[in-house]
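>>> 3D, please:
(chains A and B)
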Amino acid sequence: NAGVTQTPKFQVLKTGQSMTLQCAQDMNHNSMYWYRQDPGMGLRLIYYSASEGTTDKGEVPNGYNVSRLNKREFSLRLESAAPSQTSVYFCASRDLNTDTQYFGPGTRLTVL
Amino acid sequence: SQQGEEDPQALSIQEGENATMNCSYKTSINNLQWYRQNSGRGLVHLILIRSNEREKHSGRLRVTLDTSKKSSSLLITASRAADTASYFCAANSGGSNYKLTFGKGTLLTVNP
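Residues are numbered from 1 along each chain as shown, chains lettered A, B, ... in the order given. Next up, the predicted model:
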């Protein structure tokens, strides 16, 4: 099993450009999450999807949209990137049986 | 707002010594989890302790939970250079929409 995969690994955008970060998991988990990690800030929840067909805002949703395409895939879209969105983005899925989250390797995004 | 806060922010020890990290949280929890993050990588789940547990062991890891003080500690015994990483606590406040709130992390450096 690949676990949680994310693409791309790195991305540089100019202010105002748009892009979609892709995430997929092969563990048949219902819940999926998007976090951002900034220096000294820990991880902050952007959006989550408790199950296929549902999405909800987390702590820092402004400037982002998400799509739960199917049970496996959960994408994060930046419609008009801003320098404040420079960060490392992590996707995660939750194992209902153990109550733990499995993380992808992250996407390092720089917005100039 | 951050639910968990780790202390210290950074810790440097010699190989073979024990490392203790502390976490405080603000509201009542369903469980508290600890994760490790190696530089440039995603987070990896280490151990989960439920609100009705006081202590839990997993290999060289020992976690305690004091719900009256809203605090937890992670002890790594007989540390190794490979334990060098950032360690995060994450609080699960329960509810139907399962979410974790992460602290800012403790950077542990184990010197050979």
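>>> is chain A contacted by stretch B:85-104?
Yes: using C-beta under 8 Å from any C-beta of the partner chain, we find that stretch B:85-104 touches chain A at B:88, B:90, B:92, B:96-104. C-beta: built from backbone N, CA, C; applies to glycine.
>>> mean confidence for that stretch?
Averaged across stretch B:85-104, pLDDT comes to 85.
>>> residues near residue A:71, how many?
Each residue near residue A:71 was counted by other C-beta atoms under 10 Å in any protein chain shown, and the total is 17.
>>> Throw the residues of stretch B:85-104 next to chain A into CSV and include distance to residue B:6, neighbour count and secondary structure, thanks.
Shown next, in CSV, are these (distance: C-beta to C-beta, whole Å; neighbours: other C-beta atoms under 10 Å in any protein chain shown; DSSP: H, G, I helix; E, B strand; the rest coil):
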residue, distance to residue B:6, neighbour count, secondary structure
B:88, 7, 26, strand
B:90, 10, 26, strand
B:92, 16, 21, strand
B:96, 28, 5, coil
B:97, 25, 13, coil
B:98, 22, 18, coil
B:99, 19, 21, coil
B:100, 14, 26, strand
B:101, 13, 23, strand
B:102, 9, 23, strand
B:103, 5, 25, coil
B:104, 6, 19, coil
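>>> so can I have a markdown table of these showing distance to residue A:61?
What follows is the residues of stretch B:85-104 next to chain A, written out as a markdown table (distance: C-beta to C-beta, whole Å):
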| residue | distance to residue A:61 |
| --- | --- |
| B:88 | 21 |
| B:90 | 19 |
| B:92 | 20 |
| B:96 | 19 |
| B:97 | 14 |
| B:98 | 17 |
| B:99 | 13 |
| B:100 | 16 |
| B:101 | 15 |
| B:102 | 16 |
| B:103 | 21 |
| B:104 | 20 |
